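J.: here is a sequence together with a model predicted from it:
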Amino acid sequence: MILVINLNASVDKRYEMKELIKGSVMRTFKVENTPGGKGVYVANVSTILGEQCIATGFLGGKTGEFIEEKLAEYKIKNDFVKIKGETRECLAIITEDLVQTEILEPGPEVSIEEQMEFIEKYKELLENSDIIVASGSIPRNVPKDFYRDLIVIAKNKGKKFLLDTSGELLSNGINAKPFFIKPNRDEIEALTGRKIESDEDAVEEIKRFQENGIELVVISLGSNGSIAGYKDEFYKVTVPKVRAVNPVGSGDSYVAGIAVSLERGYSIEDMLKYASACGTANAIEEETGSVKESIVNELLEKIKVEKL
């Protein structure tokens, strides 16, 4: 089973508008309210693809109740810790030129007692899980080394941990040597201070991570695909050009593809193809963090994986 950790879930409000003009009164012609958070998107795609998956984290207040109701509708299994604070809301404004502007709330405060309750729940859920995925930001009051501690607990149980975050959360998490990370070019440059201007630069960064004990490293290059490293082999993945309707959530869909591939025992080449197909399939859907399995399968034939 895949266990997905989403500590800072949200209700995602999506407004579609003709244009966005600062300082004016604007009207939207379409509104959507969906359960959000990077981990929720991972869980949704994993569930759509037919794998056993359970999501956990913190939920509170009326927004937390809304998320639980929607997860039930989506048939996503979940077991969240209930907190006193109110789960956040995040706003995405999409204009006719397909430019998206996002406004993200920081999240609720989570007490020490609530954090400890989560740790106990996490340990219980680990027992029946093979692959652990932790995605996104953390709420207020939660320490920046929280993911690192979760990685250590999982590794002591022999579980593969996939970490998809950024900034200090990523740098702290890397110290615990997760099985997989997927930083993009900007995140790598912010983390290391080194520019990635070629495939060779990306390979050198991957080697450094692997020397520190991270087995599978993928550097995302957006629409240009990715560079990956696993067991002393390096791969360039090229994806087909598609008309992106809503690329938000493509990285999370990619991570879901990695988790599902690991659960199914795919080879590294097939894993990279499948994950890339998931990420690309998400970009052509209106709904964030969602794919059609038929589209994923169609895209598989169009994705190129070559050894470097």
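T.: Received, thanks.

J.: mind listing the helices for this protein?
T.: In the chain, the segments counted as helices under DSSP state H are 38-48, 61-73, 112-126, 146-156, 167-174, 185-192, 199-211, 250-264, 268-283, 293-300.

J.: tell me if I'm right that Asn78 and Gly64 touch.
T.: No. In this structure Asn78 lies outside contact range of Gly64 using C-beta atoms under 8 Å: 11.0 Å. In short, each C-beta sits where N, CA and C put it, glycine included.

J.: so, low pLDDT: which residues of the stretch 151-300 of the chain?
T.: 222-223 (pLDDT under 70).

J.: how close does the closest residue to Ser135 other than its chain neighbours sit to Asp201?
T.: Counting by C-beta to C-beta, 6 or more residues apart in numbering, Lys38 is the residue found nearest to Ser135 once chain neighbours are left out, at 3.6 Å. Lys38 is 26 Å from Asp201, where distance means C-beta to C-beta, to the nearest Å.

J.: more neighbours, those two?
T.: Neighbours were counted for Lys38 and for Asp201 using other C-beta atoms under 10 Å; Lys38 has more, 26 against 17.

J.: for the more buried one, list the residues it contacts.
T.: Lys38 makes contact with Asn6, Ser135, Gly136, Asp164, Gly249, Gly251, Asp252, Gly289, according to C-beta atoms under 8 Å, 6 or more residues apart in numbering.

J.: sketch out the low-pLDDT regions of the stretch 1-150 of the chain for me.
T.: Applying pLDDT under 70 to the stretch 1-150 of the chain flags no residue at all.

J.: ranges for the strands of it?
T.: 2-6, 10-17, 30-36, 53-60, 77-78, 81-83, 88-95, 100-104, 131-135 (DSSP state E, counting those that start in this stretch).

J.: would you list those in JSON lines and tack on distance to Val152 and mean neighbour count?
T.: Shown next, in JSON lines, are the strands of the stretch 1-150 of the chain (distance: least, C-beta to C-beta, whole Å; neighbours: other C-beta atoms under 10 Å):
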{"stretch": "strand 2-6", "distance to Val152": "14", "mean neighbour count": "28"}
{"stretch": "strand 10-17", "distance to Val152": "27", "mean neighbour count": "20"}
{"stretch": "strand 30-36", "distance to Val152": "28", "mean neighbour count": "18"}
{"stretch": "strand 53-60", "distance to Val152": "17", "mean neighbour count": "25"}
{"stretch": "strand 77-78", "distance to Val152": "24", "mean neighbour count": "18"}
{"stretch": "strand 81-83", "distance to Val152": "20", "mean neighbour count": "19"}
{"stretch": "strand 88-95", "distance to Val152": "27", "mean neighbour count": "18"}
{"stretch": "strand 100-104", "distance to Val152": "28", "mean neighbour count": "13"}
{"stretch": "strand 131-135", "distance to Val152": "12", "mean neighbour count": "27"}
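
J.: with distance to Ile188 added, can I get those strands in CSV?
T.: Output for the strands of the stretch 1-150 of the chain, formatted as CSV (distance: least, C-beta to C-beta, whole Å):
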stretch, distance to Ile188
strand 2-6, 23
strand 10-17, 26
strand 30-36, 25
strand 53-60, 26
strand 77-78, 32
strand 81-83, 32
strand 88-95, 25
strand 100-104, 22
strand 131-135, 18
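
J.: nearest to Ser171, out of these?
T.: Proximity to Ser171 (C-beta to C-beta) singles out strand 131-135 among the strands of the stretch 1-150 of the chain, at 14.4 Å.

J.: mind listing what that closest one pairs with, with the direction of each?
T.: strand 2-6 (parallel), strand 160-164 (parallel) (DSSP bridges).

J.: as CSV, the ones you listed with distance to Glu205 would be great.
T.: Shown next, in CSV, are those (distance: least, C-beta to C-beta, whole Å):
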stretch, distance to Glu205
strand 2-6, 25
strand 160-164, 16
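
J.: quick one: which of these is nearest Tyr15?
T.: Of all the strands paired with strand 131-135, strand 2-6 sits nearest to Tyr15, with 22.8 Å by C-beta to C-beta.

J.: most centrally placed residue in the chain?
T.: By C-alpha atoms, centre = their mean, the mean C-alpha position of the chain lies nearest to Asp252, the distance being 3.3 Å.

J.: does that one touch Val42 like I think?
T.: Yes. Proximity of Asp252 to Val42 meets the contact threshold set by C-beta under 8 Å, at 5.0 Å.

J.: shared neighbours, those two?
T.: Residues touching both Asp252 and Val42 (C-beta under 8 Å, 6+ apart) are Ser135, Asp164, Gly289.
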